[in-house]
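K.L.:
Here is my input; please provide its structure:
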Amino acid sequence: MRILDKKRALHSTFRSALMLLGCISLVTPATAWSQPASERPDAPEPTVSSPADSPRLQHRHATQLYREGKVVEARQLWDEAAARDPNLPPADLAVAFEYLAQRNVAAARVAIDTAAERHSESSLLWIARARLAVGERGLGTARAALHKAHELAPGLYITNLWLGQFYEEQGALTEAARYYEAAASADSQRSEALLGIARLQFRSLDLDQTLKTLQRVAEIDPALPAESRLAALHLDAGDLPGALMWQERAVSRQPENPQSLIALARLLLRLSQFDAARETIERIPGWEDDLTSLLLRAQVEDDDNQVEQATALYRNVIAIDPNNVIAQNNLAMLLLEADQTEEDAYEAASHALTLAPGNPAVRATHACALQAIGHKDAATALLRSVHEVPADPWIRYFYGQLLVGQNKHAAAREQLRACLLLEPDFARKSDVETLLESLTESTTSAN
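P.N.:
The predicted model follows:
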C-alpha cells in the first residue's frame, strides 16, 4: 500500500490516495492537541541565527539530540530552554513527552511519576498527565488534568492553547475559541492559537474573518501567504476545488515560494493532473536536489504508472536519505506490483517496517513482500492487513494467492473477488480471473 505524505490519515481510495503516515495538508498543522504545537516538527520556527537565540529552537535541538541517543546533552539543553520559557517542559517532562509521542504508555507513566517528584506544581506535568489519559481513552481525566494545568498557570500561552485544542477536537467550539483567544492574548507573536481561531472561523463559514486571521499568521510566519493556509483548510474539509483555487492564488502572490509550489503540486497529484503537477515541481529552483520535491516527483510518476521513472526517483531519494520511510515503502510496493526483484522489494519493505512499525500501510506492504518471497509468516501478516486496510486490492490479491496455495479455495475465492470489486481495472486482472476460473473448475470437479 502506498504512502503519499507524512502528516495526517485521510480516507480515500486505493493506491496513493490512502495516506496513513499523515496528511497531505498543504501547510497548516492539523488540530493535534496530543502534541504541543510548539513541539511539532511543522510548527513555525522563529527567525533566529542559531538555536541559542530561541528557547523553542533550543528545545527542538535538544529533542533531536535525544533521538540520536545523546541523552546527557539533550537533558541539559531541555532544562536550559525550560528555564528561559515556561511554556517548554524541563528534561524530566520532555522525556515523558517523548515516550508519549512513541505511544509507549508504560514508560511514559513511569517518567511522569518520576517527574512529579521534582515538578509537582508544574502546569506541564498536568498536561503530560492529560496526554497519558487520552492514550488510555480517559477523556474526562484528560479534561480535568488540563484544567488543573490552567489553574496553576492561567495566563500561560501553552495551558490555554492545549485547552483550546482539546475543546476543538471535542466539538465544543465556543469553549475552544475562548481558550484560543486567551492564548493569543498571552503571546501575540506565536501562530498556533491564531491558526486554531482561523479553523473555528472557517467551520463557522466566516471566510472573510478566516482570511484576516490567516493574514495575521502570515505576518508572524511569512514563509507562507495566507491563501496557502486557507487552501489547507479547504483541503481538510474535503473541498479539493476550493483548495486548488486558493492555492493557485497563493502561487500567483508568491510565484517562487517553494512551499506554495509543492503544496500546489500535491493538490494537482490528488486531482490526477499529472502533467500540471510535473510542470509545477519543475518550477521549484533546484528541485532535483531537494528531497521533498524529488519524493513528490517520484509519487507523481508512480501514480501515473510510469514505473521506470518512479523506481529511479524513489531510488534517488533513498540514496540521499536511506531512512525515508515513504520512499522505501512505495519502492517496495512498486516492485511488487511490477513483479520485479522480489528480494529487493522485501528488503525495502523490511527497512520501512523498522522505521514505522505501527503504520498499517507499511505493515500491509511488508505482508505482501512476505508472500512474494514465500515467507512462513506471510499468512499471519496478510490476515492482519486485510482487517487493517480492507480497501486495498493488493492485500486481497496476495492473500488470495496464499490461500490458493493452502488449498483453501472458498476463502481464496472470497479474497480474489474482493480484489476485483475494489479495483475493477486491477493491474493483474487477467491473473485474478484465471485463478477464479481454476477455483471454479476445481470446485466443479470435486462435486
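K.L.:
so how far is stretch 428-435 from its chain's centroid?
P.N.:
Here stretch 428-435 is found 34 Å from its chain centre; the criterion is C-alpha atoms, centre = their mean, to the nearest Å.
K.L.:
Now it: average pLDDT?
P.N.:
On average, the pLDDT along stretch 428-435 is 93.
K.L.:
What of stretch 293-305?
P.N.:
95.
K.L.:
any low-confidence regions in this protein?
P.N.:
The chain contains residues with pLDDT under 70 at 3-52, 441-447.
K.L.:
same for whatever helix or strand D113 lives in, what does it pack against?
P.N.:
Using DSSP states H and E, D113 sits within helix 105-116. Applying 3 or more C-beta pairs under 8 Å, 6 or more residues apart in numbering; DSSP states H and E, one finds that helix 105-116 contacts helix 91-101, helix 123-135. Where you see a C-beta, it was placed from the backbone N, CA and C, and this is true even at glycine.
K.L.:
Quick one: residues contacting the residue nearest to R428 when sequence neighbours are not counted.
P.N.:
Distances taken as C-beta to C-beta, 6 or more residues apart in numbering place Y397 nearest to R428, at 6.6 Å, with adjacent residues excluded. Contact partners of Y397, counting by C-beta atoms under 8 Å, 6 or more residues apart in numbering, are Q415, L416, C419, F426, R428, V432.
K.L.:
And for A83?
P.N.:
Per C-beta under 8 Å, 6+ apart, neighbours of A83: P90.
K.L.:
for Y314, same thing?
P.N.:
L295, A298, D302, A327, N330, L331, L334 are the contacts of Y314 under C-beta under 8 Å, 6+ apart.
K.L.:
can I get those in a markdown table with distance to Y180?
P.N.:
Shown next, in a markdown table, are those (distance: C-beta to C-beta, whole Å):
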| residue | distance to Y180 |
| --- | --- |
| L295 | 34 |
| A298 | 38 |
| D302 | 39 |
| A327 | 37 |
| N330 | 37 |
| L331 | 42 |
| L334 | 43 |
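K.L.:
Just flag the most distant two among the residues you listed.
P.N.:
L295 and L334 (13.3 Å; C-beta to C-beta).
K.L.:
The two: which has the busier surroundings?
P.N.:
Legend: neighbour count by other C-beta atoms under 10 Å for L295 and L334, higher for L295 (24 against 21).
K.L.:
hang on, the more buried one is in a strand, isn't it?
P.N.:
No. Under DSSP: H, G, I helix; E, B strand; the rest coil, L295 sits outside any strand and is assigned helix.
K.L.:
now the nearest residue to it once chain neighbours are set aside: how far from L214?
P.N.:
Excluding the flanking residues, the one nearest L295 by C-beta to C-beta, 6+ apart is V317, at 5.0 Å. To L214, V317 is 32 Å away according to C-beta to C-beta, to the nearest Å.
K.L.:
what does L383 give?
P.N.:
Counting by C-beta to C-beta, the gap from L383 to L214 is 46 Å.
K.L.:
So between the two, which is more surrounded?
P.N.:
Neighbour count, other C-beta under 10 Å: between L383 and L214, L214 has more, with 27 against 15.
K.L.:
what does the helix or strand containing that one contact?
P.N.:
Assigned by DSSP H and E, L214 belongs to helix 207-220. Contacts to helix 207-220, defined as C-beta under 8 Å, 6+ apart, come from residues 44, 189-191, 194-195, 197-198, 201-202, 224-226, 229-230, 233.
K.L.:
Could I have the CA atoms of that helix written out in CSV?
P.N.:
Output in CSV follows, covering the C-alpha atoms of helix 207-220 (Å, rounded to 0.1, in the frame of the first residue of the first chain):
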residue,chain,number,x,y,z
LEU,A,207,-14.4,33.1,5.3
ASP,A,208,-13.6,36.9,5.5
GLN,A,209,-12.6,36.7,9.1
THR,A,210,-10.7,33.4,8.4
LEU,A,211,-8.6,35.1,5.8
LYS,A,212,-8.0,38.2,8.0
THR,A,213,-6.8,35.9,10.9
LEU,A,214,-4.6,34.0,8.5
GLN,A,215,-3.1,37.2,7.3
ARG,A,216,-2.1,37.9,10.9
VAL,A,217,-0.5,34.4,10.9
ALA,A,218,1.4,35.4,7.8
GLU,A,219,2.8,38.4,9.5
ILE,A,220,4.2,36.2,12.2
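K.L.:
by contact count, what packs against the helix or strand following it?
P.N.:
The helix or strand immediately downstream of helix 207-220 is helix 226-236, counting by DSSP H and E. The contact analysis (3+ C-beta pairs under 8 Å, 6+ apart) places helix 226-236 against helix 192-203, helix 207-220, helix 240-253, helix 258-270.
K.L.:
buried ones in the first one?
P.N.:
Neighbour counts over helix 192-203 (16 or more other C-beta atoms under 10 Å) mark E192, A193, L194, L195, G196, I197, A198, R199, L200, Q201, F202 as buried.
K.L.:
still on that earlier bit, host element of the residue nearest to R428?
P.N.:
helix 393-405.
K.L.:
Okay, buried residues for the very next helix or strand once past that helix please.
P.N.:
Using DSSP H and E, the helix or strand that follows helix 393-405 in sequence is helix 409-422. Neighbour-count burial for helix 409-422, with 16+ other C-beta under 10 Å as criterion, is recorded at H409, A412, R413, Q415, L416, A418, C419, L420, L422.
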